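Engineer: Structure for this input, please:
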Amino acid sequence: MKLYAISDLHVRYERNRQALLELPSYPEDWLILGGDIGDTLGDLEFALATLVPRFRQVVWVPGNHELWVLPSDPIGLRGEAKYHALVSLCRAYNVLTPEAPYAYWTGPNTTYVIAPLFLLYDYSFRPDDIAEADAVNWAMESDVLCTDELLLSPEPYASRQAWCESRCRLTEARLTQIPAEYPLVLINHFPLRRDLVRLSRIPRFSLWCGTRRTELWHRQFNVAVVVTGHLHMRATDWRDGVRFEEVSLGYPQNWQQERGIGAYLREILPGPTDPPPASVKPQWHR
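Structural biologist: Sure thing, here's the model as predicted:
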């Protein structure tokens, strides 16, 4: 049995959608869906209906795209209400979510706790000399503005930062209750560390990529692997002996379509357990 992961399937693109239908079955294995599966409840339902019969267990966390409220969306749910509708859909397919009890995954030698998270971002992935109130304007100075500013409502919270703070406090309390002998697989759409956000063409997009609140969680807890997406830059990194996997597929131009989606499933467990000698450098995945 293996634990695989992929994120950012973006099935509203027809090529991605068709490629997902062509994915073979992995009846003994688990699959992590790391967010940005699509933009609507219908997109997510298509992906779940396709993938749940092909894997033993599916685990899902939301990305920012799932939380968007599109003008064409007839449902029109916003903020936390949209999130809970996504969770309810996953439950109907027996898919694990950040609201479910954490699951145990037993490998050849170790039992792991699989912890899907929903943490958002709070504009703290910015230079120290930029105030939070000035952060979005700072990004816009380089012609960068995330669509979330228009489509991702934080209701009923006052802001996305406040929603992020609430989710981080809730999640940290849950993780503290896990027995220390079980290594963790943390799953979140957004990166947990600022130094893993490498966006050379649009560096100021980092504002919408995570929160500094989580940068030491891999040391605070007994973490074996951190799984994230969002960046569309597939890589394996190591920090303090912990493996960080960025597992996004991306838009059609971000992946080699002739290889099929199966080539982009990342093996999380068992997976490598020791960092390579040059551990400060990422292993990029094409």
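Engineer: Quick check, central residue of the chain?
Structural biologist: Centrality entry for the chain: nearest residue to the mean C-alpha point is residue 189, 1.8 Å, by Cα atoms, centre = their mean.
Engineer: you'd agree that residue is up against residue 62?
Structural biologist: Yes - with contact defined as Cβ atoms under 8 Å, residue 189 and residue 62 form a contacting pair (6.4 Å). All C-beta atoms are positioned from the backbone trio N, CA, C, and that covers glycine.
Engineer: anything in contact with each of these two?
Structural biologist: 35, 118 (Cβ atoms under 8 Å, 6 or more residues apart in numbering).
Engineer: Could you look up the SS state of residue 30?
Structural biologist: strand (DSSP: H, G, I helix; E, B strand; the rest coil).
Engineer: Tell me where this protein has strands.
Structural biologist: For the chain, the strands defined by DSSP state E cover 3-6, 26-33, 55-60, 103-106, 111-116, 184-187, 223-228, 235-239, 242-246, 266-269, 283-284.
Engineer: Show me the shaky parts of this protein.
Structural biologist: Scanning the chain for pLDDT under 70 picks out the ranges 278-280.
Engineer: Give me the buried positions along the top helix by length along the chain.
Structural biologist: Assignment by DSSP state H gives helix 160-176 as the longest helix of the chain. Under the neighbour-count criterion of 16 or more other Cβ atoms under 10 Å, helix 160-176 has 160, 161, 163, 164, 165, 167, 168, 171, 172, 175 buried.
Engineer: And for stretch 41-58?
Structural biologist: Going by neighbour count (16+ other Cβ under 10 Å), the buried part of stretch 41-58 is 41, 43-48, 50-52, 55, 57-58.
Engineer: Could you do stretch 196-215 as well?
Structural biologist: Buried residues in stretch 196-215 (16+ other Cβ under 10 Å): 196-197, 204-211, 213-215.
Engineer: Looking at these, spot the one nearest residue 225.
Structural biologist: Using Cβ to Cβ, residue 196 is the member of these that sits closest to residue 225, with 13.4 Å.
Engineer: if I look at the closest one, how far off is residue 231?
Structural biologist: 8 Å (Cβ to Cβ, to the nearest Å).
Engineer: Mutual contacts of the two, please.
Structural biologist: Residues touching both residue 196 and residue 231 by Cβ under 8 Å, 6+ apart: residue 246.
Engineer: could you dump the buried residues of stretch 41-58 to JSON lines with distance to residue 241?
Structural biologist: Output for the buried residues of stretch 41-58, formatted as JSON lines (distance: Cβ to Cβ, whole Å):
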{"residue": "41", "distance to residue 241": "39"}
{"residue": "43", "distance to residue 241": "37"}
{"residue": "44", "distance to residue 241": "35"}
{"residue": "45", "distance to residue 241": "39"}
{"residue": "46", "distance to residue 241": "39"}
{"residue": "47", "distance to residue 241": "33"}
{"residue": "48", "distance to residue 241": "34"}
{"residue": "50", "distance to residue 241": "36"}
{"residue": "51", "distance to residue 241": "32"}
{"residue": "52", "distance to residue 241": "34"}
{"residue": "55", "distance to residue 241": "29"}
{"residue": "57", "distance to residue 241": "27"}
{"residue": "58", "distance to residue 241": "29"}
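Engineer: so of these, which ones are in helices?
Structural biologist: 41, 43, 44, 45, 46, 47, 48, 50, 51.
Engineer: My read is that the fifth one contacts residue 11, right?
Structural biologist: Yes - using Cβ under 8 Å, residue 46 makes contact with residue 11 at a distance of 6.0 Å.
Engineer: Please enumerate the shared neighbours of the two.
Structural biologist: 17, 38.
Engineer: related to what we said a few turns ago, what is the nearest of the buried residues of stretch 41-58 to residue 136?
Structural biologist: Looking across these and measuring by Cβ to Cβ, the closest to residue 136 is residue 43, at 27.3 Å.
Engineer: Identify the residues contacting the residue lying closest to that closest one once chain neighbours are set aside.
Structural biologist: Among residues not flanking residue 43 along the chain, residue 11 sits closest, at 5.1 Å (Cβ to Cβ, 6 or more residues apart in numbering). By Cβ under 8 Å, 6+ apart, residue 11 lies in contact with 17, 20, 37, 38, 43, 46, 47.
Engineer: how many other residues sit next to the fourth one?
Structural biologist: This points to residue 38. 22 (other Cβ atoms under 10 Å).
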